[in-house]
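In: Here is my input, please return the structure:
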Amino acid sequence: MESWMTALGIWSALRDGWAVLAANFETLVLEPLRYPLLARSLEAAIVVGIVSGVVGTYVVVRGMAFFGDALAHAILPGVAFMYQRANGRTDDLFWGGLVAGVLSALGIGWLTRHERIKEDTAIGVVFAAMFALGIAMISRIDNYAGDLTHILFGQILGVSAGDLRLIVIFGALVLAVVALFYKEFLIISFDPMLARTLRLPVELFRLLLLVLIGVTIVVSLQTVGIALMVALLVTPAATANLMTHRLLPMMLISALIGAASSIIGFYVSYHGDVATGPAIVLTATSIFLFVFVEQQIRQRLGFIVRLRGLRETAPAGPLAFPHDH
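Out: Numbering: from 1, shown residues only. All right, here's what the predicted structure looks like:
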């Protein structure tokens, strides 16, 4: 890994960047944290990155990316209802999104419980209906275009002390449930037959997992918004999946990548004057691409080394066979 990175000058660029960061640490890192609003935003982003990374692991290993994207859009009616009710204030958006997210998750689970309707079909029906309802509700608000932008793409700088408290409480609750039922979620994700043999309530745990994904999406609403939420669920976990196939290490790596993406994206947003949500998502995507390319190059180099080894150990000339007399 180091050889090709050195050849491309990546290590040199990283060392130079680290030197610049160390020399200007106070200006680049500490200055934004002097403002309470920005400090709260960073704290919220870190919590969201960790929770999304952990829950996103199940989304990736169970192939539920479409469900995550649909559920992120399905919370829009609840958010729109609370926005209308509060006359444009954002204090209660969390609760509206939470109710809509949980009801949508349970609705999809109920429609697919006997497999009479395929899961992707049920997701498509619920997703389209809920999102259309949310758009219709928001369109009745004056100057709704600006309001819709904040809801779709997040408004992390609008995180209040109360919002941060809710994000931390519900984020901790999601992580606690994942830790409490880790073995059960592991079994139903990788070996449903074993789960039935052990007489685990598979349907109950499936619905619980759907609800956890819904709560995670609502927790992340103000950070990256509805439109980009699926990226925060999937990309860190997909990156971790490239590095390990064991669930617990994958969770830890995904949470670390989610937190790192949130921190780096926050500072890129501050110093580059770009929206925070897209900056976080693009950072996570950059990490994914780096790991993917590094693994591809490592595999190619490993193949070349093995091929050379086979050539060096092969006999120099044709094998001699004894003649029959």
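In: Distance of the residue nearest to Thr285 when sequence neighbours are not counted relative to Ala128?
Out: Leaving aside its chain neighbours, Thr285 sits nearest to Thr235 (5.8 Å; criterion: CB to CB, 6 or more residues apart in numbering). For the C-beta atoms, the positions are set from N, CA and C on the backbone; glycine is no exception. Thr235 sits 24 Å away from Ala128, going by CB to CB, to the nearest Å.
In: what does Gly68 give?
Out: 16 Å.
In: Give me the more crowded residue out of Thr235 and Ala128.
Out: Thr235 (28 against 13; other CB atoms under 10 Å).
In: Give me the helices and strands touching the helix ranked longest in the chain, please.
Out: Scanning the chain for the longest helix, with DSSP state H as the assignment, gives helix 276-313. Packed against helix 276-313 by the contact rule (3 or more CB pairs under 8 Å, 6 or more residues apart in numbering; DSSP states H and E) you find helix 2-7, helix 36-61, helix 221-243, helix 247-272.
In: Of those helices, give the one that comes closest to Ala100.
Out: With CB to CB as the measure, helix 221-243 is the member of those nearest Ala100 (10.7 Å).
In: what's the closest one packed up against?
Out: Helix 221-243 sits against helix 36-61, helix 65-74, helix 76-85, helix 93-111, helix 144-153, helix 202-219, helix 247-272, helix 276-313, with contacts defined as 3+ CB pairs under 8 Å, 6+ apart.
In: Return the set of buried residues in the helix or strand hosting Gly162.
Out: Using DSSP states H and E, Gly162 falls within helix 161-180. Within helix 161-180, the residues that count as buried by 16 or more other CB atoms under 10 Å are Asp163, Leu164, Leu166, Ile167, Phe170, Gly171, Val174, Leu175, Val177, Val178.
In: I'd like those residues as CSV, with pLDDT and distance to Ala275 appended.
Out: Putting these into CSV (pLDDT from 0 to 100; distance: CB to CB, whole Å) gives the following:
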residue, pLDDT, distance to Ala275
Asp163, 83, 18
Leu164, 87, 19
Leu166, 87, 22
Ile167, 89, 19
Phe170, 92, 24
Gly171, 92, 22
Val174, 94, 25
Leu175, 95, 27
Val177, 95, 31
Val178, 95, 30
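In: how distant is the longest helix of the chain from the center of its chain?
Out: 21 Å (CA atoms, centre = their mean, to the nearest Å).
In: Then stretch 267-278?
Out: Chain-centre distance of stretch 267-278: 18 Å, with CA atoms, centre = their mean.
In: what's the span of it from first residue to last?
Out: End-to-end distance for stretch 267-278, by CA to CA, to the nearest Å: 12 Å.
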